[in-house]
Each structure stands twice: as structure tokens, then as C-alpha cells.
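**Q** Turn this into a structure:
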Amino acid sequence: MPFTPGPYSGVSTLALVARASALGVGVVYGAVKLSILKSILERQFWSRVRQQNLTKRRRQMRITEDRNAWR
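**A** Got it, this is the predicted structure:
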């Protein structure tokens, strides 16, 4: 009686297709997740840069106002 591989034996065509599909889905999922995380981090980075620039401008305005007050 010859051995016939079952669907989950790891050597059948179905098992190979399932493994390849799982790998493909994992790669796509990882790529999408990475792009989402990169966009979130980029948005946070630029938000902080804008905030720091505003703070710097406000300090410069205060210094200018202080100089003008002494004149």
C-alpha cells in the first residue's frame, strides 16, 4: 500500500500552495504595516519640528519686544 500524502503533511500540493500563500500574505501585511508606521512617525516628526519652530519664533519675538521696550 503506497503512502499518499495528506493535505497537511507538508509535501502535498495543497500544503505547498498554502505555505506560499501564507508567505505572500505575510509579506504584504508587513509592507502595509511598515508604510503606515512610517507615515505616522513622519507626521509626528514634522509636527514636533513645526512646534519647535513656533517656540523659537515666539522667543525671538519676546527678545525683540524686550529690546524695543528698553529704547
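**Q** got any ranges where this protein has weak pLDDT?
**A** Low-confidence segments of the chain (pLDDT under 70): 1-10, 65-66, 68-71.
**Q** From Gly30, how far out is the residue nearest to the spatial centre of it?
**A** The residue lying closest to the centre of the chain (Cα atoms, centre = their mean) is Leu37, at 1.6 Å. From Leu37 over to Gly30 the distance is 10 Å, taken as Cβ to Cβ, to the nearest Å. (Glycine included, C-beta is placed from N, CA and C.)
**Q** Now for the two: what residues contact both?
**A** Counting by Cβ atoms under 8 Å, 6 or more residues apart in numbering, Leu37 and Gly30 have no common neighbour.
**Q** can you give me the offset of stretch 13-21 from its chain's centre?
**A** 29 Å (Cα atoms, centre = their mean, to the nearest Å).
**Q** how distant is whichever strand or helix holds Ala15 from the center of its chain?
**A** Using DSSP states H and E, Ala15 maps to helix 13-70. Counting by Cα atoms, centre = their mean, helix 13-70 is centred 8 Å from the centre of its parent chain.
**Q** start the count at 30, not 1, going forward
**A** In the new numbering, first residue 30, that becomes helix 42-99.
**Q** And that helix, what does it pack against?
**A** Packed against helix 42-99 by the contact rule (3 or more Cβ pairs under 8 Å, 6 or more residues apart in numbering; DSSP states H and E) you find no helix or strand.
**Q** Look up how far Arg96 lies from the residue nearest to the centre of the chain.
**A** Relative to Arg96, Leu66 is positioned 45 Å away (Cβ to Cβ).
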